[in-house]
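# After the sequence you'll find the predicted model.
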Amino acid sequence: MLVERVEVAWFTSGVRTSDVFELLRDGRPRTRAQLAEETGMARSTIAARVDVLLRMGLVAPVGGARSTGGRPPALIAMNPAARVVAGVDVGATHAVAALTDLAGTVLGERRAELDVAEGPEAVLGWVTSVVGELLEDARRPVGELAAVGLGLPGPVEHSTGRPINPPIMPGWDRYDVPAHLQRTYPVPVLVDNDVNIMALGERGAYLPSVDDLIFVKVATGIGAGIISGSRLQRGAQGTAGDLGHVRVSSGEGVMCRCGNEGCLEAIAAGPALAAALAAGGVAVDSTAGVVELVRAGNAAAVQEVRRAGRDIGEVLATMVNLMNPSAVVIGGRLAEAGEHLLAGIREVVYQRSLPLATEHLRIVASKAGAQAGVLGAATMAAEHVLSPEAIEAASLGVA
Ligand SMILES: [Zn+2]
């Protein structure tokens, strides 16, 4: 018995402030006694850790627990209003920025028609001024901004925040995006590609309990954001999920803009569908045009989109076998064509993937839609601020 107690003491002395905060992140209020019980830690240790979190502002007292007499024990809960983060989704021709609290509640939003090809000075200049406006509108001082998350429409080296050879972003290659924004906002700046942040946004807003998810964006290009074991998987160089340039059987002889032959993107992305329809005499020259035709019930367009769905399904079936996700979410401009794209994808994935891999697999359309990117950018920023490493580092300042 005595020995057991000693072991418990050893264990609890190693419990950090961030461990206590992790428990409180679900938003449920608890008393110090409940926290002690849940962690198996001594009450004095819990009290010390909670004090640090209170001083950091990340948790706050709420209401009071019912008690059998005397002073009610204080309830503690996470305080999402403590800080704010900015999320920005820069697309090829438009941008959206939002200010959220630490739980992802949107406090304000701005949209603009903005060409990413104008270069980093112009685009990041817009980001800088719009974040300032959002802070002002929400009446939050600049000092309460904890981080900025930014999504860009091209490959990004996440560890440095620099775009690498982005095909549609002249002037951005290896540009130090965080340094630019930190001239005005001296906070962590996280940068990633658009489909990764869309995966984060979709999960955060609509699928918080799904730990294994593939988000597929089908638009001018095709790409995927992979969340496995509840973490976004970027790979060694940040190129994980690039399914647009996987070779498919029906793409034989079709050249891709990347220089290879038979890529999925070259036969199943928006421009390829528009080109195929145009070659058949249908007047259409854009992804948006294809979506319009499908919505109007154009038979040739419906058939093309369904065929694209089957081609995408061919690559996805392999991914499903390899990763065993519980949800595949289809987003991006072409997903707005509705059920036809999904039907084609489902047809092939359920036919070609292993039965056990698809037993509980859901293949669904994105619910976050055009908001997925901006929500995900804010989520990426908040996740960074609330990560155990960041909490530990910040706790040193108040302990
Ligand atoms: Zn390619």
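Done, it's in. Residues are numbered from 1 along each chain as shown.
# Poorly predicted segments of the stretch 251-399 of the chain, please.
399 (pLDDT under 70).
# Around the ion, pick out the residues from it.
For the stretch 251-399 of the chain, the residues in contact with the ion (CB under 5 Å from the ion) are Cys256, Cys258, Asn260, Cys263. (Each C-beta comes from the backbone N, C-alpha and C, glycine too.)
# how about the nearest residue to the closest residue to the ion within the stretch 101-250 of the chain, chain neighbours excluded?
In the stretch 101-250 of the chain, the residue that lies nearest the ion is His245 (3.7 Å; CB to the ion). Here the nearest residue to His245 in space, its sequence neighbours aside, is Cys263; by CB to CB, 6 or more residues apart in numbering that works out to 4.6 Å.
# from the stretch 1-150 of the chain, which residue is nearest to the ion?
Counting by CB to the ion, the stretch 1-150 of the chain gets nearest the ion through Ala92, at 17.6 Å.
# list the contacts for that residue?
Residues near Ala92 by CB atoms under 8 Å, 6 or more residues apart in numbering: Asp115, Val116, Ala117, Pro153, Ile168, Thr220.
# so which strand or helix has the residue lying closest to the fifth one once chain neighbours are set aside?
Just to be clear, that refers to Ile168. Distances taken as CB to CB, 6+ apart put Ala92 closest to Ile168, at 5.8 Å, once the chain neighbours are dropped. Secondary-structure assignment from DSSP states H and E places Ala92 in no helical or strand segment.
# per-residue confidence at Ala92?
Ala92 is assigned 87 on the pLDDT scale.
# Low-confidence stretches in the stretch 1-150 of the chain?
1-13, 64-72.
# now the helices: where do they sit in it?
Residue ranges of the helices in the stretch 1-150 of the chain, as given by DSSP state H, counting those that start in this stretch, are 2-13, 17-24, 32-39, 43-56, 120-137.
# which residue ranges form the helices in the stretch 251-399 of the chain?
Under DSSP H, counting those that start in this stretch, the stretch 251-399 of the chain gives helices at 264-268, 270-279, 287-295, 299-323, 339-352, 355-358, 372-385, 388-395.
# Format these as CSV; extra columns: mean neighbour count.
Below are these laid out as CSV (neighbours: other CB atoms under 10 Å):
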stretch, mean neighbour count
helix 264-268, 26
helix 270-279, 19
helix 287-295, 20
helix 299-323, 21
helix 339-352, 19
helix 355-358, 14
helix 372-385, 27
helix 388-395, 15
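# residues contacting the residue nearest the centre of the chain?
Centroid-nearest residue in the chain: Leu200, 1.9 Å away (criterion: CA atoms, centre = their mean). By CB under 8 Å, 6+ apart, the residues touching Leu200 are Gly225, Ile227, Leu232, Leu375, Gly376, Ala377, Thr379, Met380, Glu383.
# now Val85
Counted by CB under 8 Å, 6+ apart, Val85 has contacts 99-102, 145-149, 378, 381-382, 385.
# Pull the most distant pair out of the contacts of Leu200.
Ile227 and Ala377 (15.4 Å; CB to CB).
# Quick one: mean pLDDT for the one helix or strand Val195 maps to?
Using DSSP H and E, Val195 sits in helix 194-206. Averaging pLDDT along helix 194-206 gives 96.
# between that helix and helix 372-385, how big is the angle?
For helix 194-206 against helix 372-385, the angle by axes from the mean of the first three to the mean of the last three CA atoms, to 10 degrees is 80 degrees.
# Check which helices and strands whichever helix or strand comes after helix 194-206 sits against.
Under the assignment DSSP H and E, the closest C-terminal helix or strand after helix 194-206 is strand 213-218. Strand 213-218 sits against helix 194-206, strand 222-228, helix 299-323, strand 327-331, with contacts defined as 3 or more CB pairs under 8 Å, 6 or more residues apart in numbering; DSSP states H and E.
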